[in-house]
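Engineer: After the sequence you'll find the predicted model.
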Amino acid sequence: MKTRTLTALAITIPALASELPPVIPVGPVSYDNVSYQAPSATMPGETATTEYTATAGDVPAYNAEAPLAPAPASSSTPNTIINLNIYSSDYQVRGMGVTNHLSNHGFSSVSGSHTFANRNLFNRGLHHKIGGTFGYIWDGACPLGETPIFQVDYAIGKEIFPNLNLDFGYSFKRGGLEGAAARFYNGGAHRVAQDFNLTIDFNDYQKGFFGHATWGVGFQGLTGSYFDFEAGYRFTNVFLLNNIAADLELSAGVAPSLGYWGAGVEGVDAYRIKAALVPYALNGAFGRDSRLYIKPWVQWSCSGSNDHKIDRISGDGPIDHSQFTIGIDMGWKF
């Protein structure tokens, strides 16, 4: 009995082993000239197969240890912007300008900003940037034109929502209206004002809305705080002629201040309305989506309740009640 049982097991075990699943191979798997059969439509009672063949070139190689490549940066977000205000018929600070009898020859400036490549500071999605402005009043007899206008800015911020940025920055300003006011109130020879500022900036190129809100607090030269609010809309393709088209930007702004220009100077510095034409070439040589842009503009501004309070800075009274300013900007972004 025992001999008969052992004989049966010796016959059965090899047969069972042949039906076990194959051993899973160790290491990379190569697909080369693999063929298999899949059933196809047949007539009742018939059996037919369709053969498919896959070669090594059809299956991409996969390496589990290879790191994923980072997504490329958007080409629509420039890191550097340089703007040349070729000419403005009046010199203004947030819409508040000097009278024509102080400056008869206008104002020009060059400004720029650069956002550093690291847009994830402290692993918090923060960006930081540096900027500056150098300007000159084209009138040697103007008390504000004795010193060129110079400003340096640094800011760190974050994109809160798409097209909406929040920046906290520092500004160093020398010369101009702020420099003259700083020298007057401090009784010194320097024309320097420094402040910290918080700005919310919005620009939606698809829907056309743009604007900003700024709050600044001075801590040297001029103390107190100032505000600047602006909102606008961009009308696309207002005209089209051959290979040239243009967008029209309309905006309005107001600039209040609280003790920034001196004790007791509280109210609105100025109101402004601005229209800018942004021509662009359909072949992308300049304009909307290209690196180079040209922007002629006109602006009407009116001083607010602070104009006569600030006039004590100079015996001539530097603030004009109403101004109509024309200008042209040209810039490069990359």
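Structural biologist: Structure's in. What do you need?
Engineer: Return the alpha-carbon coordinates of the longest strand seen in the chain using PDB.
Structural biologist: Identified as the longest strand of the chain according to DSSP state E is strand 222-241. C-alpha atoms of strand 222-241 as PDB (Å, rounded to 0.1, in the frame of the first residue of the first chain):
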ATOM      1  CA  LEU A 222       9.400 112.200   5.500                       C
ATOM      2  CA  THR A 223       7.300 110.400   8.100                       C
ATOM      3  CA  GLY A 224       3.600 109.500   8.000                       C
ATOM      4  CA  SER A 225       1.900 107.400   5.400                       C
ATOM      5  CA  TYR A 226       0.800 107.700   1.800                       C
ATOM      6  CA  PHE A 227      -1.600 105.700  -0.400                       C
ATOM      7  CA  ASP A 228      -2.100 105.200  -4.100                       C
ATOM      8  CA  PHE A 229      -5.000 103.400  -5.700                       C
ATOM      9  CA  GLU A 230      -5.500 102.800  -9.400                       C
ATOM     10  CA  ALA A 231      -8.000 100.700 -11.400                       C
ATOM     11  CA  GLY A 232      -8.300 100.300 -15.200                       C
ATOM     12  CA  TYR A 233      -9.500  98.300 -18.100                       C
ATOM     13  CA  ARG A 234      -7.700  97.400 -21.400                       C
ATOM     14  CA  PHE A 235      -9.700  97.500 -24.600                       C
ATOM     15  CA  THR A 236      -8.100  95.200 -27.200                       C
ATOM     16  CA  ASN A 237      -8.000  95.900 -30.900                       C
ATOM     17  CA  VAL A 238      -9.500  99.300 -30.900                       C
ATOM     18  CA  PHE A 239      -8.200  99.700 -34.500                       C
ATOM     19  CA  LEU A 240      -6.500  97.500 -37.100                       C
ATOM     20  CA  LEU A 241      -4.600  98.800 -40.100                       C
END
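Engineer: do you know how far residue 242 is from residue 156?
Structural biologist: With distances taken as C-beta to C-beta, to the nearest Å, residue 242 is found 45 Å from residue 156. No exception for glycine: its C-beta is placed from N, CA and C like everyone else's.
Engineer: Same check on residue 263?
Structural biologist: 32 Å.
Engineer: Look at those two and report which has more neighbours.
Structural biologist: Per other C-beta atoms under 10 Å, whichever of residue 263 and residue 156 has more neighbours is residue 156, with 16 against 10.
Engineer: mind listing what the more buried one touches?
Structural biologist: 121, 126, 127, 128, 167, 168, 169 (C-beta atoms under 8 Å, 6 or more residues apart in numbering).
Engineer: can you pull the pLDDT of it?
Structural biologist: pLDDT, residue 156: 97.
Engineer: How about it: what's its closest non-neighbour residue?
Structural biologist: The shortest distance from residue 156 to any non-neighbouring residue, by C-beta to C-beta, 6 or more residues apart in numbering, is to residue 128 (4.3 Å).
Engineer: do the same with residue 138
Structural biologist: residue 105 (3.7 Å).
Engineer: pretty sure the one you found contacts residue 139?
Structural biologist: Yes - counting by C-beta atoms under 8 Å, residue 105 does reach residue 139; the two are 4.6 Å apart.
Engineer: So which of those two has more stuff around it?
Structural biologist: residue 139 (18 against 15).
Engineer: For residue 228, see how far away that one is.
Structural biologist: With C-beta to C-beta as the criterion, residue 139 and residue 228 are 25 Å apart.
Engineer: For the host helix or strand of residue 181, buried residues please.
Structural biologist: Using DSSP states H and E, the element containing residue 181 is helix 176-186. Within helix 176-186, the residues scored as buried using 16 or more other C-beta atoms under 10 Å are 176, 177, 178, 179, 180, 181, 182, 183, 185.
Engineer: again, but for stretch 191-202
Structural biologist: Buried residues in stretch 191-202 (16+ other C-beta under 10 Å): 191, 192, 193, 194, 195, 197, 199, 200, 201.
Engineer: Same check on stretch 145-158?
Structural biologist: Quick answer for stretch 145-158 (16+ other C-beta under 10 Å): 145, 147, 149, 150, 151, 153, 155, 156, 157.
Engineer: If the residue lying closest to the fourth one once chain neighbours are set aside is in a bridge, with which residues?
Structural biologist: This points to residue 150. Using C-beta to C-beta, 6+ apart and skipping residues adjacent in sequence, the residue nearest residue 150 is residue 174, 4.6 Å away. For residue 174, the beta-bridge partners are residue 150, residue 192 (DSSP bridges).
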